[in-house]
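Student: Here is my input; please provide its structure:
(one chain, ligands or ions: 2)
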Amino acid sequence: MNMGESLTKVGVLGARGKLGSAIVAGLEQSEDVDVVARVGSADPLQALLDSGAEVAVDVTTPEAVMGNLEFCIAHGIHAVVGTTGFDEERLATVRGWLSDARGVGVLIAPNFSIGAILMMRFAVQAAPFFESVEIVELHHPTKADAPSGTARRTAELVAAARRDAGLGPVPDATSTQLDGARGAVVDGIHVHGLRIRGLVAHQEVVLGGVGETLTIRHDSLDRAGFVPGVLAAVRGVPGHPGLTVGLESYLDL
Ligand SMILES: NC(=O)C1=CN([C@@H]2O[C@H](COP(=O)(O)OP(=O)(O)OC[C@H]3O[C@@H](n4cnc5c(N)ncnc54)[C@H](OP(=O)(O)O)[C@@H]3O)[C@@H](O)[C@H]2O)C=CC1
Ligand SMILES: O=C(O)C1=N[C@H](C(=O)O)C[C@H](O)C1
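Tutor: Ligands and ions are numbered 1, 2, ... in the order given. The predicted structure follows:
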């Protein structure tokens, strides 16, 4: 940090949660960021305004995040969102709010981990070459949403890559099944979720063709692994007005 350069003032929403507390601890070590507000479910959003926050990092719940985002956008605060639960309808609502807020940036990042972003990128690269693909996501048992935001995003990206390559539906002769036995289906891709004590966040993308399979796996072993991505997002969001989905858009991959 050079003399005369000012720190970016950041407010963390969900600051006392599992991810939020790791983010606060990580950002407090950073030389160019000042954590000016730590907001929990009982705290008023006014704390963002009172502290002069320029960027809000939202890691709350799918129920809370839309209200938080509407507030931030209305008050000209850039937002970095790690909270999951975004579908096309929610994204359209955010775009609508942003259309009246020139210069405000919102990043929706289904996963802040650089390894997870690369895992998704590699899955997209591999997708055109394999007839079959399914996704297995594995998380701690206190996770509220299933499938994970990362798994949904991976499925959407892989499905788009398959469509671009002219591939049809994945082969599957299942004709009778118990409900849920083949997982959820996102954009034609089967997604399976495991909730296991001891795990943090993990995902496998299993691809197969005649005579071979390829498994791409990523493991988040500690929430400290999300912090470098959060920092890149906080630094990047003021320079990316409008809505961006996926931290990869900010990175030179
Ligand atoms: N994008 C990514 O890389 C990652 C995303 N996530 C996502 O982040 C979210 C949080 O995960 P996690 O930390 O594990 O969950 P936790 O349940 O541990 O934390 C959520 C926190 O949100 C707080 N909260 C709830 N409502 C509000 C509100 N209205 N305003 C402010 N704070 C609020 C709660 O606060 P209080 O304690 O005060 O009630 C709680 O501490 C999930 O959606 C998860 O999927 C998680 C890991 C990585
Ligand atoms: O809840 C979590 O823990 C995680 N949530 C995100 C998701 O749903 O993809 C990111 C990561 O998987 C950890």
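
Student: Tell me where the longest helix sits in the protein.
Tutor: helix 149-164 (DSSP state H).

Student: Just the buried residues of that helix, please?
Tutor: Neighbour counts over helix 149-164 (16 or more other Cβ atoms under 10 Å) mark 149-159, 161-162 as buried. Every residue, glycine included, has its C-beta placed from N, CA and C.

Student: Intersect those residues with the contacts of ligand 1.
Tutor: Applying Cβ under 6 Å from any ligand atom to those, one finds that G149 fall near ligand 1.

Student: Check which helices and strands the longest helix of the chain sits against.
Tutor: Judged by 3 or more Cβ pairs under 8 Å, 6 or more residues apart in numbering; DSSP states H and E, the packing partners of helix 149-164 are helix 114-126, strand 132-139, strand 184-186, strand 189-195, strand 201-209.

Student: Which residues does it contact?
Tutor: Helix 149-164 is touched from outside by 84-86, 110-111, 116, 119-120, 123-125, 127-128, 133, 135, 137, 147, 186-189, 191, 193, 201, 203, 205, 245-246, with contacts defined as Cβ atoms under 8 Å, 6 or more residues apart in numbering.

Student: Only whichever of the residues you listed are buried, select them in PyMOL.
Tutor: A single PyMOL command selects the buried members of these (16+ other Cβ under 10 Å):
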select buried, resi 84+86+110+111+116+119+120+123+124+127+133+135+137+147+186+189+191+193+201+203+205+245+246
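
Student: count of neighbours near Q46?
Tutor: Around Q46 there are 12 other residues, counting by other Cβ atoms under 10 Å.

Student: do A144 as well
Tutor: Residue neighbour count, defined by other Cβ under 10 Å, stands at 9 for A144.

Student: Okay, helices next: where are they in this protein?
Tutor: Using DSSP H, helices in the chain cover 18-28, 46-50, 65-74, 88-99, 114-126, 149-164, 227-236.

Student: mind putting those in JSON lines, mean pLDDT included?
Tutor: JSON lines is the format used below for these (pLDDT from 0 to 100):
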{"stretch": "helix 18-28", "mean pLDDT": "98"}
{"stretch": "helix 46-50", "mean pLDDT": "98"}
{"stretch": "helix 65-74", "mean pLDDT": "98"}
{"stretch": "helix 88-99", "mean pLDDT": "97"}
{"stretch": "helix 114-126", "mean pLDDT": "98"}
{"stretch": "helix 149-164", "mean pLDDT": "97"}
{"stretch": "helix 227-236", "mean pLDDT": "98"}
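
Student: so which of those helices comes closest to ligand 2?
Tutor: Comparison of the helices of the chain against ligand 2 by Cβ to the nearest ligand atom identifies helix 149-164 as nearest, at 3.3 Å.

Student: Excluding residues flanking it in the chain, which one is nearest the residue of the chain found nearest ligand 1?
Tutor: Nearest residue of the chain to ligand 1 (Cβ to the nearest ligand atom) works out as G17 at 2.1 Å. Distances taken as Cβ to Cβ, 6 or more residues apart in numbering place V59 nearest to G17, at 6.1 Å, with adjacent residues excluded.

Student: Having no further points to raise, I will conclude here.
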